[in-house]
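# Just to be clear, the model below is a prediction. Sequence and coordinates:
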Amino acid sequence: MKVGLCEDDVQELTQRIRIHLWIHAIPLFDPSRNIKLTTFLYRCIENKIKEEIRRLHRLRTRKKTAPPKLMDDDELTKRAAPDISLDQRIRELADYITTYPEKFLTDDQSRAFAAVMNAGHNEKLQDIAMKLGYKRNTSFSMMMRRIKDAITDLDIESWDGTVESIIPNPQSKPLKQKSPQRLEIERRLGLGHRQIDIARDLNINHRKIWHIANALREAAKANNRKVPA
């Protein structure tokens, strides 16, 4: 499949691949699989380029427009160097987060993040979870997802070397009010009702009850309190 790329297409493709690596590819890297990070990123970039080329081909076929004129050698030599300032910011921010995770994450998230970063090549995520005291692998997976969400929420373009430039102001976001159903579920859990009975009485999925109960346990653990199972 041959797709002609103009200068705008190349810049857009570079930007889309850069965002894809930061948000989707890097958080999925698992050092326990004994694969180098460079090899992992190379495969991700290769697959993303193929995906974007297929997308451009479908788009142009649908619109039935002629492909843009390809740049010759003279035009390529006259092209300005690509802007790599955002790449440099991403690299600097990644190094800063790796060195000082406690400035971006909570204490529990920082411990989990440090454990994963310092894990050996043959060490699996299940082993890391057991070392940190997690009784279920799903709880550790939820913690890793929270870390991913916290990092992806950072404003990379505003990064100037200080934490205050990229961490959003918590007071700028309105507090989310709990629904009456959520309050009723928490009330019944506090009274010691079984999760399966609550799900049946309120006619909702049992998994939703489980997530709420798990959140209450984590909150109680943070406050050194006990909540009925």
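On my side now, so go ahead.
# Name the residues that touch stretch 34-49?
For stretch 34-49, contacts defined as C-beta atoms under 8 Å, 6 or more residues apart in numbering pick out 13, 16-17, 20-21, 25-26, 29, 121-122. C-beta: built from backbone N, CA, C; applies to glycine.
# Could you check which helix or strand contains residue 134?
Residue 134 is located outside every helix and strand, with elements delineated by DSSP states H and E.
# ok, the closest residue to it other than its chain neighbours to residue 106 distance?
For residue 134, the nearest residue in space outside its immediate sequence neighbours is residue 140; the separation is 4.4 Å by C-beta to C-beta, 6 or more residues apart in numbering. Residue 140 is 15 Å from residue 106, where distance means C-beta to C-beta, to the nearest Å.
# if you count what's nearby, which of those two comes out ahead?
Each of residue 140 and residue 106 had its neighbours counted (other C-beta atoms under 10 Å), and the higher figure belongs to residue 140 (21 against 15).
# Following element in sequence after the helix or strand encompassing that one, please.
Counting by DSSP H and E, the secondary-structure element that holds residue 140 is helix 137-152. Using DSSP H and E, the helix or strand that directly follows helix 137-152 along the chain is helix 180-190.
# Check the average confidence over the helix or strand following that next one, would you?
Beyond helix 180-190 on the C-terminal side, the first helix or strand identified by DSSP H and E is helix 195-202. Averaged across helix 195-202, pLDDT comes to 84.
# Burial check on residue 143, number of neighbours?
By other C-beta under 10 Å, the residues close to residue 143 number 21.
# Please apply the same query to the one 10 residues further on.
Neighbour count for residue 153, taken as other C-beta under 10 Å: 11.
# Can you give me the distance of it to residue 203?
Relative to residue 203, residue 153 is positioned 34 Å away (criterion: C-beta to C-beta).
# swap in residue 124?
The value you get for residue 124 to residue 203, if C-beta to C-beta is used, is 39 Å.
# Walk me through the domains of this structure.
Split into domains by automatic domain parsing, the chain comes to 1-71, 87-172, 180-222.
# chain center to the first one: distance?
Okay, so that is domain 1-71. Domain 1-71 has its average C-alpha position 19 Å from the chain's average C-alpha position, going by C-alpha atoms, centre = their mean, to the nearest Å.
# likewise the shortest one?
With C-alpha atoms, centre = their mean as the basis, the distance from the averaged C-alpha position of domain 180-222 to the chain average is 27 Å.
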